[in-house]
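>>> Generate coordinates for the sequence data below:
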Amino acid sequence: MPARGAGLERLRLPPQRRLRRKSDFEAAYARGRRLGDRFFAMIARPNDSGGARLGLAVATRAAGNSVQRNRVRRVIRETFRLRQRDLPSIDVVVSARAGVHGARNDELRASLNTLWDKVTEQCASLPRS
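Residues are numbered from 1 along each chain as shown. Now for the predicted structure:
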């Protein structure tokens, strides 16, 4: 019988996979490729960290109260966590748009999965800056 939690390591979202510094967000905003739909806007730029990193920008105006903002953040992190191995080495900032307020989780997941596919397709061959 495998040890408890064995095999789950690859599904985690460790701190090195998150954007935390203001300078990382500013670099993505300044030099990133922009993608989006009615629920989310994504800004992606190549990095040298050896893997995809995620930054979140979920505002009260777009998502509503703290319960709704945290729900949206959880859905974003979940889809990123499951797709992180398929993504190129990029920094991605995901912003919520006004459409997320009141949207169902399955709609948000479908939207994000479509955007992750676009990011993978369009950003895999971007030159490092």
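>>> Every contact and neighbour count from this point should use C-alpha atoms.
OK.
>>> for the helix or strand of the chain with the lowest mean pLDDT, packing partners?
Here the helix or strand of the chain ranked lowest by mean pLDDT, DSSP states H and E is helix 60-63, holding a mean of 84. Under the contact definition 3 or more Cα pairs under 8 Å, 6 or more residues apart in numbering; DSSP states H and E, helix 60-63 sits against helix 66-83.
>>> Show me what the helix it packs on is packed up against.
So helix 66-83, by 3+ Cα pairs under 8 Å, 6+ apart, packs with helix 60-63, helix 105-123.
>>> if you set the cut-off to 10 Å instead, what comes out?
Helix 66-83 is packed against strand 53-57, helix 60-63, strand 90-96, helix 105-123, with contacts defined by 3 or more Cα pairs under 10 Å, 6 or more residues apart in numbering; DSSP states H and E.
>>> buried ones in that helix?
Under the neighbour-count criterion of 16 or more other Cα atoms under 10 Å, helix 66-83 has Q68, R69, V72, R73, V75, I76, R77, E78, T79, F80, R81, R83 buried.
>>> and that helix, how far out from the chain's middle?
With Cα atoms, centre = their mean, to the nearest Å as the basis, helix 66-83 stands 9 Å off its chain's centre.
>>> Next, the angle strand 90-96 makes with that helix.
Angle of helix 66-83 versus strand 90-96, following axes from the mean of the first three to the mean of the last three Cα atoms, to 10 degrees, is 150 degrees.
>>> Could you number the chain from 289 rather than 1 from now on?
Understood, numbering begins at 289; the last thing we discussed is helix 354-371.
>>> for helix 354-371, what is the average pLDDT?
Helix 354-371 carries an average pLDDT of 91.
>>> Okay, angle between it and strand 341-345 too, please.
Using the same axes, to 10 degrees: helix 354-371 against strand 341-345 is 160 degrees.
>>> and the angle from helix 354-371 to helix 393-411?
Using the same axes, to 10 degrees: helix 354-371 against helix 393-411 is 50 degrees.
>>> CA atoms only: put helix 354-371 into PDB for me.
Taking Å, rounded to 0.1, in the frame of the first residue of the first chain, the C-alpha atoms of helix 354-371 are listed here in PDB:
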ATOM      1  CA  SER A 354     -15.000  38.400  -0.300                       C
ATOM      2  CA  VAL A 355     -16.800  35.000  -0.500                       C
ATOM      3  CA  GLN A 356     -17.300  35.400  -4.200                       C
ATOM      4  CA  ARG A 357     -13.700  36.700  -4.800                       C
ATOM      5  CA  ASN A 358     -12.300  33.700  -2.900                       C
ATOM      6  CA  ARG A 359     -14.500  31.300  -4.800                       C
ATOM      7  CA  VAL A 360     -13.200  32.700  -8.100                       C
ATOM      8  CA  ARG A 361      -9.600  32.600  -6.800                       C
ATOM      9  CA  ARG A 362     -10.000  28.900  -5.800                       C
ATOM     10  CA  VAL A 363     -11.300  28.000  -9.300                       C
ATOM     11  CA  ILE A 364      -8.400  29.800 -11.000                       C
ATOM     12  CA  ARG A 365      -5.800  28.100  -8.700                       C
ATOM     13  CA  GLU A 366      -7.500  24.700  -9.200                       C
ATOM     14  CA  THR A 367      -7.400  24.900 -13.000                       C
ATOM     15  CA  PHE A 368      -3.800  26.200 -13.000                       C
ATOM     16  CA  ARG A 369      -2.700  23.500 -10.600                       C
ATOM     17  CA  LEU A 370      -4.100  20.800 -12.800                       C
ATOM     18  CA  ARG A 371      -2.600  22.300 -16.000                       C
END
